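Visitor: Need the 3D shape of this:
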Amino acid sequence: MDLRDEVVRDAAAGDPHAFRLLYDAVAPRVLAYLRARGVDDPEGLTSEVFLAVFPRLPRLEGGAAGLRTLVFSVAHARAVDDVRRRQRHPVSYPYEPDHDDRVVASAEHHAVESLEAGRALALMDRLGEDQRAAVMLRIIGDLTLEETAGVMGKTVPAVKQLQRRGLEHLRRLMTAEGAR
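Guide: Take a look at the predicted model:
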């Protein structure tokens, strides 16, 4: 996520080219974060995040670091809202094989590619909410400790502790899973 303060400043001043550069630099990390959080429509929610951030740009302080904190604060809040919405109104769709026209790679190819990532994400579901958020924001979101603390509304030492404990818990879970 290589984003210069000048690009953020120009985007805040209304330069559409600078906003595009800003979006191209940050959106893939936001999308990955939202996918890892399991939101229903990560692409749509990524767009919503930037629609919410755009009007706030003129008041933004802190350059690129401030922008990342703002963007992931909004993304985190939207992900939490999505989880709450799904808990209130769970949606279930019946599978209809006759209407499934998706084309995918072979099962073997898919399994080999996604086994470890899927295993890690499944194990992350067994972490506490704060530990999971800290680990995802730090690793998937590529945020600094300070930025993560800002997004989560916690202190830097608290985020360090959450990340450390979350990674230790994941390591124990992966070791236990490997032993089976």
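
Visitor: Just the helices from this structure, written as ranges.
Guide: Remark: helices of the chain, listed N- to C-terminal, are 5-12, 16-37, 42-53, 63-88, 107-124, 129-139, 145-152, 156-179; assignment by DSSP state H.

Visitor: which one of those lies closest to residue 99?
Guide: helix 107-124 (20.4 Å; Cβ to Cβ). C-beta coordinates here come from the backbone N, C-alpha and C atoms, glycine included.

Visitor: per-residue confidence averaged over that closest one?
Guide: The average pLDDT for helix 107-124 rounds to 63.

Visitor: Equivalent analysis for stretch 36-46, please.
Guide: Taken as a whole, stretch 36-46 has a mean pLDDT of 92.

Visitor: related to what we said a few turns ago, same list (the helices of the chain) but as JSON lines, adding distance to residue 95.
Guide: What follows is the helices of the chain, written out as JSON lines (distance: least, Cβ to Cβ, whole Å):
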{"stretch": "helix 5-12", "distance to residue 95": "43"}
{"stretch": "helix 16-37", "distance to residue 95": "21"}
{"stretch": "helix 42-53", "distance to residue 95": "21"}
{"stretch": "helix 63-88", "distance to residue 95": "19"}
{"stretch": "helix 107-124", "distance to residue 95": "17"}
{"stretch": "helix 129-139", "distance to residue 95": "28"}
{"stretch": "helix 145-152", "distance to residue 95": "36"}
{"stretch": "helix 156-179", "distance to residue 95": "28"}
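
Visitor: Can you check which of those helices gets nearest to residue 94?
Guide: Of all the helices of the chain, it is helix 63-88 that lies closest to residue 94, at 17.7 Å by Cβ to Cβ.

Visitor: and the closest one, what does it pack onto?
Guide: Taking 3 or more Cβ pairs under 8 Å, 6 or more residues apart in numbering; DSSP states H and E as contact, the helices and strands that helix 63-88 lies on are helix 5-12, helix 16-37, helix 42-53, helix 129-139, helix 145-152.

Visitor: Relative to the whole chain's centre, how far out is the fourth one?
Guide: When you say that, I think you mean helix 129-139. For helix 129-139, the distance from its own C-alpha centre to the chain's C-alpha centre is 9 Å (Cα atoms, centre = their mean, to the nearest Å).

Visitor: quick one, that helix and helix 156-179 angle?
Guide: Following axes from the mean of the first three to the mean of the last three Cα atoms, to 10 degrees, one obtains 90 degrees for the angle between helix 129-139 and helix 156-179.

Visitor: List the buried residues for helix 129-139?
Guide: Along helix 129-139, the positions that meet the burial threshold by neighbour count (16 or more other Cβ atoms under 10 Å) are 130-139.
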